[in-house]
Structure formats: C-alpha cells, structure tokens
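Engineer: Have a look at this prediction, sequence included:
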Amino acid sequence: MSVSPERRFDRSVCVYCASSRSAHPEYRHAAYRLGEVLAEQGIAIVYGGGAVGSMGALADGALHRGGRVVGILPRFMADLEWGHRGLTELKLVEDMRTRKHLMLTGAQAAIALPGGSGTLEELFEAVTLKRLGLFLGPIVLVNTRRYFEPLRSVLEASVRERFMDERHLGMWQIVEQPEQVPAALESAPEWTAAARDFAAI
C-alpha cells in the first residue's frame with residue numbers, strides 16, 4: 001500500500017529493534033502491530049533499515065497501513081543485501097555511529113522494542129542524551145513477553161544506589177502492548193534542558 005499524496009506525517013519517531021529471525025514470533029508480531037499503530041496515527045518511523053526480524057516486521061506493518069518509513073543503513077549492510085527494499089526512503093551512511101546519530105536526530109521520540117546488544121546500546125544512548133538534556137523527547141519501551149523487566153530492575157537499582165537521581169525514572173515509560181504507545185507518547189512527563197542541573201548527583 002502506498003502513502004496517499006495528501007496524507008501528512010507531522011511527527012516522526014525513532015524505533016530501535018532487532019533483526020533476529022530466531023527470536024520468539026511474538027516479538028515480530030508486536031513489531032508489525034507497532035508499525036500499523038504508528039502509521040494509523042500519522043507518525044513516521046525512522047529505523048535501522050533492515051528487512052528481517054522485528055526490523056522487517058515493523059516496516060511491513062507500517063507500510064501495509066500506508067505509513068512513512070525511513071531506513072538508515074550502513075553501506076556494508078547494503079552490500080550484504082540486509083536492507084528493506086520497500087521503504088519510503090532508504091539512506092545509506094558510512095558507519096554505525098552515523099546511523100545512530102541520524103536515527104535520533106529530528107525524531108520527536110524514541111521507541112525501543114526488545115532486542116540484543118545493538119538495540120540496547122541505542123536505547124541507552126538515547127537515555128544518556130536525555131539525562132544530559134540533549135534529547136528531550138519521550139522514550140517508550142514496549143515490554144513484549146516482559147522482556148524489559150530485568151532492565152527495569154537494573155535502572156531502579158541504579159537510582160537506589162545513587163548512580164542516578166530519582167527524577168531520572170521519569171525519562172522513560174514502559175508499556176505492555178504496541179497499542180499503548182501513542183498514549184504513552186502523549187502523556188510522557190515534560191523534559192527540558194534543565195535536566196542538566198541534576199544530571200550528575
């Protein structure tokens with residue numbers, strides 16, 4: 001399904017997700033549904049550009065609903081033919097660092113689906129930038145199969161042990177279902193550059 005020429009996508013979100021084909025199918029189902037939900041809300045998606053796993057499912061779900069999907073893909077991955085061929089736009093970049101920077105730049109929010117080391121690295125960079133007042137948008141984690149429960153515990157421990165301020169717990173929201181993401185984006189606590197005042201505790 002193509003995007004209607006009169007349809008507007010005034011907001012964009014960065015979505016971090018995995019390319020694993022081996023993970024439980026429920027993760028791919030949730031990614032596909034998130035793509036549908038965001039497209040239905042008129043929210044454009046910027047993601048890593050992959051064609052398989054949760055990455056491919058996210059893009060397919062959004063495109064099926066007429067969504068706008070922009071992929072940011074390192075050239076070496078394009079050479080390996082890892083890129084999705086049906087995206088609204090595919091941008092090739094030289095390295096992983098540039099990919100991460102462009103994915104978040106210009107996005108009004110970041111959403112994390114379950115994933116491995118790459119997904120978690122991207123998520124933690126967004127959290128760190130928000131802590132420093134350099135990224136101010138909502139960060140939403142979709143807790144499919146309760147995947148993020150151990151991470152929730154670690155983050156709460158970092159507050160208890162005084163590595164982070166209790167106010168930092170407001171930097172992210174955790175939802176159980178893709179359908180809950182739009183409401184989480186709308187209800188996220190306001191965050192400003194004043195967060196730098198308590199970035200270090």
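Structural biologist: Good, I have the coordinates.

Engineer: I'd like the next helix or strand past the helix or strand of the chain with the lowest mean pLDDT.
Structural biologist: Every helix and strand in the chain was compared by mean pLDDT, DSSP states H and E; the lowest is helix 75-79, with a mean of 92. For helix 75-79, the following helix or strand on the C-terminal side (DSSP states H and E) is strand 89-93.

Engineer: what comes up buried for that next one?
Structural biologist: Applying a neighbour-count criterion of 16 or more other Cβ atoms under 10 Å, one finds 90, 92, 93 buried in strand 89-93. Every residue, glycine included, has its C-beta placed from N, CA and C.

Engineer: do stretch 36-48 as well
Structural biologist: Judged by neighbour count using 16+ other Cβ under 10 Å, the buried positions of stretch 36-48 are 36, 37, 38, 39, 41, 43, 44, 45, 46, 47, 48.

Engineer: Repeat that for stretch 180-187.
Structural biologist: Here stretch 180-187 shows 180, 181, 182, 184, 185 as buried, counting by 16+ other Cβ under 10 Å.

Engineer: about what we covered before: now, the most widely separated pair of the buried residues of stretch 36-48?
Structural biologist: Between any two of those, the greatest separation by Cβ to Cβ is 20.9 Å, found for 41 and 48.

Engineer: Would you confirm that residue 13 belongs to a helix?
Structural biologist: No - Residue 13 is assigned strand when assessed by DSSP: H, G, I helix; E, B strand; the rest coil, not a helix.

Engineer: Report the beta-bridge partners for it.
Structural biologist: Judged by DSSP bridges, the bridge partners of residue 13 are residue 45, residue 109.

Engineer: Include secondary structure, pLDDT and distance to residue 166 when you put the buried residues of stretch 180-187 into CSV, please.
Structural biologist: Shown next, in CSV, are the buried residues of stretch 180-187 (DSSP: H, G, I helix; E, B strand; the rest coil; pLDDT from 0 to 100; distance: Cβ to Cβ, whole Å):
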residue, secondary structure, pLDDT, distance to residue 166
180, helix, 98, 24
181, helix, 98, 25
182, helix, 98, 27
184, helix, 98, 20
185, helix, 98, 23
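
Engineer: if we can go back for a sec, closest one of the buried residues of strand 89-93 to residue 172?
Structural biologist: Nearest to residue 172, judged by Cβ to Cβ, of the buried residues of strand 89-93 is residue 93 at 26.2 Å.
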